[in-house]
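J.: Using only what follows, build the 3D model:
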Amino acid sequence: MEKLVVEPLRNQTTVQEFILEGFPAVQHLGHIFFLVHLLAYLTSVMGNMTIITIIWVDHHLQTPMYFFLSSFSFVECCLITTVIPKLLTIFLSGRQTISFAACFTQDFIILFLGATVFFLLSVLSMDRYMAICKPLHYATFMNPKMCFLLVSGCFALGFLFMLVPVVMLSQLSFCGPNVIPHFFCDFGPLTNLSCSETSSIEILFFNLALFVLCSSLVITIIAYSNIVVTIMRLPSARERQRAFSTCSSHLMVLSLMYGSCVFIYVKPKQASRLDSNREAALVNTVVTPLLNPVIYTLRNKQVHQALRDVLSRVQLQK
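T.: A predicted model of the protein is given here:
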């Protein structure tokens, strides 16, 4: 069914707030799901904050790779904090309303931080490429100033890329209905609720999302293709295993992130698969941030040692 366009209300917005539908099929189990998601949220925040703290406390981890990793963990904390508290409110009290301004603010922050995450992942790929393929130039190129510029550039690009489509969407007419079939204010469901013509904004957003995902993916593929070639040329099996171990955690995170986000955002028509988007978005906003600290810590001996050192210092102080 084609969306109804109401021309007389084209420049008016009568909707003052939206209703987040959440997960109506399991709303009767709200208290159980509240506890599950609260535990996942607290674990994710504590895990990511632990990584950040260890990296900034232990001087052995104050290297470019761990600086990028701490930036990644910080963005993950901000991202889930933008989404999960409102979901917890829906599960606990059933309060599903969100104001017009808060909804678009949430939408922008989610898209901005989401784009920033992918740019950071591509920077992590470049870092591993320089460390493994260009070790003699690594210290010179990946100096503190360059690391700061790369991370700042990721935030700036994420901000600029997502600001325009969200601002354009907020200027359209919303004259009802106001029920968002999602647990947060996402671009696709909001577009579907507008009673203005949205095809140009949908095309713009599709192209921007495609560029963000594809550009970071291309950089990652090129970097890791060169990394694999370089590793296979190493003389000993132990050196090859050590080189691969530094990249395996990054590749696992990449698989989780790209899989869910391609499913959610890179499709021209947003209205056709909104129900299935909720499950994919739940993976991206709850499961992935929960697994990332586990993936990075369980497979990283340097983080293990740094964590043991911090715990031993705490015990000595007692």
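J.: Distance check, the residue positioned nearest the centre of the chain against Gly30.
T.: Most central in the chain under Cα atoms, centre = their mean is Gly114, positioned 3.9 Å from the mean C-alpha point. Distance, Gly114 to Gly30, using Cβ to Cβ, to the nearest Å: 27 Å. Placement of C-beta: from N, CA and C, glycine included.
J.: pLDDT score for the residue nearest to the centre of the chain?
T.: With respect to pLDDT, Gly114 has a value of 89.
J.: name the helices or strands packed onto the host helix or strand of it?
T.: Using DSSP states H and E, Gly114 maps to helix 100-133. Counting contacts by 3 or more Cβ pairs under 8 Å, 6 or more residues apart in numbering; DSSP states H and E, helix 100-133 packs against strand 17-20, helix 64-93, helix 135-141, helix 144-170, helix 187-193, helix 199-232, helix 237-265.
J.: roughly how far out does the fourth one sit from the chain middle?
T.: Read that as helix 144-170. Distance of helix 144-170 from its chain centroid, counting by Cα atoms, centre = their mean, to the nearest Å, is 13 Å.
J.: tell me the average confidence for that helix?
T.: Computed over helix 144-170, the average pLDDT equals 95.
J.: ok, now the fifth one?
T.: On average, the pLDDT along helix 187-193 is 89.
J.: could you say what helices and strands that helix packs with?
T.: helix 100-133, helix 144-170, strand 179-180, helix 199-232, helix 237-265, helix 274-282.
J.: As JSON lines, these with distance to Thr288 would be great.
T.: JSON lines is the format used below for the helices and strands packed on helix 187-193 (distance: least, Cβ to Cβ, whole Å):
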{"stretch": "helix 100-133", "distance to Thr288": "10"}
{"stretch": "helix 144-170", "distance to Thr288": "17"}
{"stretch": "strand 179-180", "distance to Thr288": "22"}
{"stretch": "helix 199-232", "distance to Thr288": "15"}
{"stretch": "helix 237-265", "distance to Thr288": "5"}
{"stretch": "helix 274-282", "distance to Thr288": "10"}
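J.: Buried deepest among those, which one?
T.: Among the helices and strands packed on helix 187-193, helix 100-133 has the highest mean neighbour count (mean count of other Cβ atoms under 10 Å), at a mean of 21.
J.: just how off-centre is stretch 58-70 within its chain?
T.: On the basis of Cα atoms, centre = their mean, stretch 58-70 sits 20 Å off its chain's mean C-alpha point.
J.: That should have said stretch 187-198, apologies.
T.: 23 Å.
J.: how about the closest residue to Ala115 other than its chain neighbours, what does it touch?
T.: Of all residues not flanking Ala115 in the chain, Gly158 sits nearest, at 3.7 Å (Cβ to Cβ, 6 or more residues apart in numbering). Shown in contact with Gly158 (Cβ atoms under 8 Å, 6 or more residues apart in numbering): Phe112, Leu113, Gly114, Ala115, Thr116, Phe119, Val212.
J.: Worst mean pLDDT among the helices and strands packed on helix 100-133?
T.: Minimum mean pLDDT among the helices and strands packed on helix 100-133: helix 237-265, a mean of 68.
J.: now the contacts of Gly158 as TSV including distance to Gln171?
T.: Formatted as TSV, those follow (distance: Cβ to Cβ, whole Å):
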residue	distance to Gln171
Phe112	18
Leu113	22
Gly114	22
Ala115	21
Thr116	24
Phe119	27
Val212	22
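J.: how about stretch 19-27: buried residues?
T.: Leu20, Glu21, Gly22, Phe23 (16 or more other Cβ atoms under 10 Å).
J.: same deal with stretch 61-69?
T.: Quick answer for stretch 61-69 (16+ other Cβ under 10 Å): Leu61, Thr63, Pro64, Met65, Tyr66, Phe67, Phe68, Leu69.
J.: The residues you listed: which two are farthest apart?
T.: Greatest spatial distance in the buried residues of stretch 61-69: Leu61 and Phe68, 11.7 Å, computed using Cβ to Cβ.
J.: how about TSV for the helices and strands packed on helix 100-133, with distance to Cys103 added?
T.: Formatted as TSV, these follow (distance: least, Cβ to Cβ, whole Å):
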stretch	distance to Cys103
strand 17-20	5
helix 64-93	10
helix 135-141	42
helix 144-170	9
helix 187-193	7
helix 199-232	16
helix 237-265	18
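J.: Leu39: which of these is closest?
T.: Using Cβ to Cβ, the nearest of the helices and strands packed on helix 100-133 to Leu39 is helix 64-93, at 10.7 Å.
J.: how about the closest one: buried residues?
T.: Result for helix 64-93 [16+ other Cβ under 10 Å]: buried residues 64-77, 79-80, 82-84, 86-91.
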